[in-house]
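Trainee: Please work out how this folds:
(2 chains)
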There are 2 protein chains.
Amino acid sequence: MRLYSMPSSGNSYKVRLLLSLLGRDVQTVDVEYQTQALDSAKAEGHMPFGKAPVLELDDGRLLPESNAILCWLGEGTDFIPADPFHRAEMLSWMFWEQNQHEGVVAVRAALQYYPHRRAQATPERMAALLESGHALLQIMDDHLSSREWLVGGAVSLADICLYGYTHTAGERGGFDMARFPAVNGWLARVAALPGYKGLTA
Amino acid sequence: MRLYSMPSSGNSYKVRLLLSLLGRDVQTVDVEYQTQALDSAKAEGHMPFGKAPVLELDDGRLLPESNAILCWLGEGTDFIPADPFHRAEMLSWMFWEQNQHEGVVAVRAALQYYPHRRAQATPERMAALLESGHALLQIMDDHLSSREWLVGGAVSLADICLYGYTHTAGERGGFDMARFPAVNGWLARVAALPGYKGLTA
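Mentor: Sure thing, here's the model as predicted:
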């Protein structure tokens, strides 16, 4: 297997984090924004949806979308709950992450972090993203205030998924994380998992 | 089971369509935009993420997110492929739908369709959404040009999911669907499935 991974991206990091937690090692091809490697990966047909991460199996089959890759790699492991309703709840959080959280929390961070996107970071847009992001983080905080993990009683793919962009929401995104004590406790629990690896590790 | 469903929304429609294809009937609570019913459903705690659809089980447990509901209802049916890699590919399309397709194809339609959103439909935004949407629909068209269904050789949740907003992309969204013959053929195949029900049926 080969992972096309963007080093700076939370979506790619989720996959690297799960692989590390599972003690698995795969060949990684770094495809950072505005590099020849990314252009080549696209031109050579390795990115069906035009973005990273993509997992390439040994027989050449391609699997795009970070959360689908998590589900594929997580199959048969404790990161997918045995209970069918818990599995559905796990997917709820993961779809919410792609539909709501990523488009606000990750986008605000990207607008500040990547030089080529800064022209789009108008004061109005940044203010709107700040307010929306705080509301989304509040949903997580309310949920986590009475439990240790997002779903059921154990860590699942939902936690790995949401950790990706939430753990840099303060530093990169400028969100006021002091408002979210339950989220902060949960972030610390993920970072304490055996095999944990940081974004830049 | 009870489904909190927004009659005008493709996300809610996906769930109603799958239920109809499965020959299942559940109590439906209509929660249209700017109605008291929607405000009440939120105020009474039936919408953990603040949006429809939400499936409420008989014991009161709540499952938000259209695609997670599809996975829950599809469990054990032919709409989820038996092959593990096909299941992962199905999820790829469903995450892509929530992360890319919905935020462009559905949003452009919503900006035209809902009176309370028309103020946001600036010419620049509509032009950008038109261009992005055509690129996304082209990804579907290229993929479907050599196969009947999005994943494997049979209809799956991926098709039901993407059908939700694609089938109104022309009429509501203003996209030029004549460019996408393979998508049009696929839309017709979904509409011919036994038990099919339209958005307003």
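Trainee: Now for residue A:83: which residues touch it?
Mentor: residue A:152 (CB atoms under 8 Å, 6 or more residues apart in numbering or on different chains). Any C-beta I mention is one placed from the backbone N, CA and C, and that applies to glycine too.
Trainee: quick one: it from residue A:157, how far?
Mentor: 14 Å (CB to CB, to the nearest Å).
Trainee: so how many other residues sit close to residue A:98?
Mentor: 26 (other CB atoms under 10 Å in any protein chain shown).
Trainee: Surely it forms part of a helix?
Mentor: Yes. With DSSP: H, G, I helix; E, B strand; the rest coil as the criterion, residue A:98 is located in a helix.
Trainee: pLDDT wise, what is it at?
Mentor: pLDDT for residue A:98: 98.
Trainee: Following the chain past the longest helix seen in chain A, name the next helix or strand.
Mentor: Longest helix of chain A, by residue count under DSSP state H: helix A:123-144. Per DSSP states H and E, the first helix or strand lying C-terminal to helix A:123-144 is helix A:157-166.
Trainee: What are the contacting residues of that next one?
Mentor: With contacts defined as CB under 8 Å, 6+ apart, helix A:157-166 is touched by A:10-11, A:13-14, A:17-18, A:21, A:66-67, A:70-71, A:74, A:79-80, A:89-90, A:93-94, A:97, A:101-102, A:105-106, A:109, A:137, A:140, A:149-151, A:173, A:183, A:186-187, A:190.
Trainee: Around chain B, which positions in chain A sit nearby?
Mentor: Contact residues, chain A versus chain B (CB under 8 Å from any CB of the partner chain): A:48-50, A:57, A:61, A:63-69, A:71-72, A:75, A:84-85, A:87-89, A:91-92, A:94-96, A:98-100, A:102-103, A:139, A:143.
Trainee: Provide a PyMOL selection command restricted to the buried entries of those.
Mentor: Command for PyMOL that selects the buried part of those, burial taken from 16 or more other CB atoms under 10 Å in any protein chain shown:
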select buried, chain A and resi 48+49+63+64+65+66+67+68+69+71+72+85+87+88+89+91+92+94+95+96+98+99+100+102+103+143
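Trainee: Pretty sure residue A:194 sits against residue A:22.
Mentor: No. Applying CB atoms under 8 Å as the test, residue A:194 and residue A:22 come out as separate, 10.6 Å apart.
Trainee: Look at the two and report which has more neighbours.
Mentor: Higher neighbour count among residue A:194 and residue A:22: residue A:22, with 14 against 7, using other CB under 10 Å.
Trainee: which SSE is the closest residue to that one other than its chain neighbours in?
Mentor: Leaving aside its sequence neighbours, residue A:22 sits nearest to residue A:77 (CB to CB, 6 or more residues apart in numbering or on different chains; 6.3 Å). Using DSSP H and E, residue A:77 sits within no helix or strand.
Trainee: quick one, phi/psi of residue A:77?
Mentor: phi -110, psi 170 (degrees, to the nearest 10).
Trainee: What separation is there between it and residue A:189?
Mentor: For residue A:77 relative to residue A:189 (CB to CB), the value is 18 Å.
Trainee: One more: residue A:102?
Mentor: 21 Å.
Trainee: again with residue A:2
Mentor: 31 Å.
Trainee: Equivalent analysis for residue A:18, please.
Mentor: 16 Å.
Trainee: So between these two, which is more surrounded?
Mentor: Each of residue A:18 and residue A:189 has its neighbours counted (other CB under 10 Å); residue A:18 has more, 23 against 15.
Trainee: How about the contacts made by the more buried one?
Mentor: Counted by CB under 8 Å, 6+ apart, residue A:18 has contacts A:70, A:73-74, A:79, A:157, A:160.
Trainee: Can you read off the backbone torsions of residue A:28?
Mentor: Dihedral angles for residue A:28 - degrees, to the nearest 10 - are phi -120, psi 130.
Trainee: Tell me the pLDDT of it.
Mentor: 97.
Trainee: just to revisit the earlier point, out of the residues of chain A next to chain B, list just those in helices.
Mentor: Using DSSP H, A:66-69, A:71-72, A:84-85, A:87-89, A:91-92, A:94-96, A:139, A:143 are the members of the residues of chain A next to chain B that sit in helices.
Trainee: circling back: reformat the contacts of residue A:18 into CSV and put pLDDT next to each item.
Mentor: Output for the contacts of residue A:18, formatted as CSV (pLDDT from 0 to 100):
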residue, pLDDT
A:70, 98
A:73, 98
A:74, 98
A:79, 98
A:157, 98
A:160, 98
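Trainee: out of the residues you listed, which is most surrounded?
Mentor: When neighbours are counted by other CB under 10 Å, residue A:70 leads those with 29 neighbours.
Trainee: I figured that residue hits residue A:16, correct?
Mentor: No. Between residue A:70 and residue A:16 no contact is recorded; they are 11.0 Å apart, counting by CB under 8 Å.
Trainee: Taking the centroid of chain A, which residue is nearest it?
Mentor: With distances taken as CA atoms, centre = their mean, residue A:164 lies nearest the centre of chain A, 3.2 Å away.
Trainee: Surely residue A:143 is in contact with residue A:137?
Mentor: No. Judged on CB under 8 Å, residue A:143 makes no contact with residue A:137 at a distance of 10.7 Å.
Trainee: joint contacts of those two?
Mentor: Common neighbours of residue A:143 and residue A:137 (CB under 8 Å, 6+ apart) do not exist.
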